[in-house]
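Visitor: 3D model of this:
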Amino acid sequence: MPFIVAIVAIIGGLLYSAYEQKVKLQLAKEKNKTSEHEENLAKEVALLKERIVVLEKIVTDKNYSLKDEIDSLSKAS
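Guide: Predicted structure coming up:
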């Protein structure tokens, strides 16, 4: 009887260790996916910031304002 208890304890320990390794591997994969997603979001934010800078330059450009005023005057006529 003590022999069977020892075998069950050893098998249980091995199964628990295997399960623990599986969970750690899944967590590592999930963390990797999250970091990749964060990198993609950071790149997208950087691109959007560049676009905003370009749009701000266009809108604050004096020629743009002048063209806008000319268009409004021609429509008023």
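Visitor: Give me the neighbour count for Lys57.
Guide: When neighbours are defined as other C-beta atoms under 10 Å, Lys57 has 10 of them. Using the backbone N, CA and C atoms, a C-beta is placed for each residue, glycine as well.
Visitor: Could you do the one 10 residues further on as well?
Guide: Here the count is done by other C-beta under 10 Å, and Lys67 has 11 residues near it.
Visitor: Report all helices and strands that the host helix or strand of it contacts.
Guide: In this assignment (DSSP states H and E), Lys67 forms part of helix 62-76. Helix 62-76 sits against no helix or strand, with contacts defined as 3 or more C-beta pairs under 8 Å, 6 or more residues apart in numbering; DSSP states H and E.
Visitor: Show residues contacting it.
Guide: Ile58 (C-beta atoms under 8 Å, 6 or more residues apart in numbering).
Visitor: for it, the distance to its chain's centre please.
Guide: Centroid separation between helix 62-76 and its chain, computed with C-alpha atoms, centre = their mean, to the nearest Å, is 42 Å.
Visitor: what do you get for stretch 19-39?
Guide: The answer for stretch 19-39 is 14 Å, by C-alpha atoms, centre = their mean.
Visitor: hmm, back to that, just the mean pLDDT for the helix holding Lys67, thanks.
Guide: For helix 62-76, mean pLDDT is 78.
Visitor: Return that helix as PDB; C-alpha atoms alone will do.
Guide: In PDB, the C-alpha atoms belonging to helix 62-76 read as follows (Å, rounded to 0.1, in the frame of the first residue of the first chain):
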ATOM      1  CA  LYS A  62      -0.500  81.800 -45.300                       C
ATOM      2  CA  ASN A  63      -1.200  80.700 -48.800                       C
ATOM      3  CA  TYR A  64      -3.900  78.300 -47.600                       C
ATOM      4  CA  SER A  65      -5.600  81.200 -45.700                       C
ATOM      5  CA  LEU A  66      -5.300  83.500 -48.700                       C
ATOM      6  CA  LYS A  67      -6.700  80.900 -51.000                       C
ATOM      7  CA  ASP A  68      -9.600  80.300 -48.600                       C
ATOM      8  CA  GLU A  69     -10.300  84.100 -48.500                       C
ATOM      9  CA  ILE A  70     -10.200  84.300 -52.300                       C
ATOM     10  CA  ASP A  71     -12.600  81.400 -52.600                       C
ATOM     11  CA  SER A  72     -15.000  83.000 -50.100                       C
ATOM     12  CA  LEU A  73     -14.900  86.300 -52.000                       C
ATOM     13  CA  SER A  74     -15.500  84.700 -55.300                       C
ATOM     14  CA  LYS A  75     -18.500  82.800 -53.900                       C
ATOM     15  CA  ALA A  76     -19.900  86.000 -52.400                       C
END
